[in-house]
Every structure is written in structure tokens, then in C-alpha cells.
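> Quick one, structure for this:
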Amino acid sequence: MAFLSRTTQSIALALADRARDACEWETAVGHYRTALVGKPDNSPIWVQYGHALKETGHLAQAEAAYRRAIDDDPTVADSHLQLGNLLHLQGRNAEAEAAYLRALALEPRLTPTAEQLASFGWSEARLSEVRRAIPAERPKPRRKLTLVGRADRARDLGQWAEAARLYRKALDGNPRRPEIWVQYGHTLKESGKLAEAEGAYQTALGYQPANADTHLQLGHALKVLGRDEAAKAAYLRAFAIDPKLPEPLTELRGLGWTDGELLELQRQIEERRTPRRCRPRRSQTRRRCRPWGRRLSLRNRRCGLWFCPSPRRCRTASASGIIDR
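This is a model prediction of the structure:
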């Protein structure tokens, strides 16, 4: 999936809406498809995409678009309503009636839903009974998870392949996220794809080269691949960036470093990180005695005197710090 800038996405969406309003459905389909490349989790765009596909006669693709919108946000009654209309158009009345009932449960006051159910033979008394059965205080809809949120949930459940797929999808939309590249590398490493995990870590370091944890994770992947020298270099970079991390020293000890070598490494890193005291140049310590006539008060100006800013260092100043004009 190609990466689109926000400007390109906005232009594609505006062109799609304009084509939809002009009933140019084929053109609208193309522009909505382009907009969805940059915003694959935008439920309203999937609904509009389904409308355009339905008007062009692509009913199976329109159904897939409506169902994708429902999967992304199942709490929107209009998405269920539009799916019901499409199923009713195909003659699948039982499925359409179920979709209308889901829309009615989400939004009891939605008039088109009641009208469609009435066309299936539902009486007003039956509809009122269904509305009364709906609890007055319905639970608030859960916040829709983004691609990254869904990937994090799959990662926490140990579903590494699914988490890797979702992280990759999120990176297709915005590749300039080093923290997502790191998580993508973790899932690839747990899936056994060590070479691809190394590439993900390297990409993350390209965006954020001073991240000690990324160097550490890269070292782990290189160590499992059997590239000990490259792993040592990664661990050394991680320790140089953050000497408080204990893992690099542990890993270096496991790769054959002695305690003396580790102590010498710590000493060298500490020396490099200790700031040196800068001695000012002699030219910076000398102060030239300049008249501050512009900053003197009006009273001192009338006296006709100039004040020396550093009388102790100025050879021409008197003990009181006053110089005759």
C-alpha cells in the first residue's frame, strides 16, 4: 500500500464527494479508493465507497465495503441500515431484516429503519414493543481501536503474525514512526523472521539513531542470527548512549567479555560523558572601561561625570570609580 500525504488524501476525498454529488459514480469510486489508501480505518469513507459501488452495480464489492465499515465501527446505525438496504435489493430479506433490527437497536428513533421493517410486515405495535425492550441507558460504545491499538492488543495476546500484519499496515499509512518500526521488529523476531526484524530495527534507527533500546533489540536479533561481532557493536552503541542500561553489559559478558574489560569500558564511557571545565580566555576576562553616558540618569549627566563599570581593573579610574570628563 502506497503512502499518501494528507494533502493528497484530502484532495481525493473532496473530488470523490464532488463526483458523488454529480452522480458520477465511476469517478467517485476511483477517488474514494484513493482516499482509502491513506485512511483505511475511516468508517464513513467506506460507507460512501459502498454507496458508489452500489450505484455502479458492483453489489458484492459494495457489501464488502459496508461490512468493512461495520467492522471498523459497529456502533453506527446508518452502516447497518445501508447494509440492510443492499441486502434487501438483492432479495436477501432475512439478512436485511436482521441488519435493520441491529440499526433499530442502536438508534430507536431512526425513521428509515422503521419504514423498512414496516415494508416487511412489522406493525407499529410490534415496533413499539421492540423499542420498549431496548434499555433506556445503553452502554456507551467502546472507543474504536486504531490499527496500532489492534496491533498492540494482538501483541499482548501473543498473536505475533496478526500483530505483525497490523503493524505493517499502519506503517504503510505512515512510515515515519520509529516506535512502530520497533514494535514491528519485535513481532517479526517472535515470528522467527529474524532477517526482516533486523531490517525493521535498522529502519527505526534511521529515523531515531540515538535510541539505546533500539540498538539493544538490534543486538538481540543479530545475536540470534549468529553475528556476534555485529551484536557486540550494537550492544556497545546502546551502552554508550545510555550507560544506566544493565542489559548491554550482561549481553557483552555473555559474548565473552571479562569483568576487567567491562570495568574499563565503563570508565571510558564515564570519562567521555564527564563535562570538562572550560577556562575563559584572557581576552574574555578583560573589561574595557567605557563611558556609560547613555545609561546614566539625568542627575548624573548634569554633574558632568562618567562612571566606570569596573573601577578596580581600570588603571585610569580613581578609587571612587569616578573619572573626570
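> Nearest residue to Leu59 in space, ignoring adjacent ones along the chain?
In space, Leu59 comes closest to Gln90 once its chain neighbours are excluded; the distance is 6.1 Å by Cβ to Cβ, 6 or more residues apart in numbering. The way it works is simple: take the backbone N, C-alpha and C, and place the C-beta from them, glycine included.
> What score does the one you found have for pLDDT?
Gln90 carries a pLDDT score of 90 in this model.
> Would you check that it makes contact with Gly57?
No. Assessed by Cβ atoms under 8 Å, Gln90 is found out of contact with Gly57, at 11.8 Å.
> domains of this structure?
Domain assignment for the chain, taken from automatic domain parsing, gives 6-133, 147-273, 289-324.
> Spit out the contact partners of Lys39.
9, 45, 173 (Cβ atoms under 8 Å, 6 or more residues apart in numbering).
> The first one contacts Leu36, correct?
No. Proximity of Gln9 to Leu36 does not meet the contact threshold set by Cβ under 8 Å, at 9.2 Å.
> okay, and the common contacts of the two?
Overlap between the contact sets of Gln9 and Leu36, as judged by Cβ under 8 Å, 6+ apart, is nil.
> Which residue of those two possesses the greater neighbour count?
Neighbour count, other Cβ atoms under 10 Å: between Gln9 and Leu36, Leu36 has more, with 23 against 19.
> export stretch 19-26 as PDB, just CAs?
The C-alpha atoms that make up stretch 19-26 are tabulated as PDB, following Å, rounded to 0.1, in the frame of the first residue of the first chain:
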ATOM      1  CA  ALA A  19     -18.300  13.300  -8.200                       C
ATOM      2  CA  ARG A  20     -20.900  11.700  -5.800                       C
ATOM      3  CA  ASP A  21     -23.000  14.900  -5.700                       C
ATOM      4  CA  ALA A  22     -22.900  15.000  -9.500                       C
ATOM      5  CA  CYS A  23     -23.900  11.300  -9.700                       C
ATOM      6  CA  GLU A  24     -20.600  10.500 -11.500                       C
ATOM      7  CA  TRP A  25     -20.400   7.100  -9.700                       C
ATOM      8  CA  GLU A  26     -17.400   5.600 -11.600                       C
END
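> where does Gly121 fall, helix, sheet strand or coil?
coil (DSSP: H, G, I helix; E, B strand; the rest coil).
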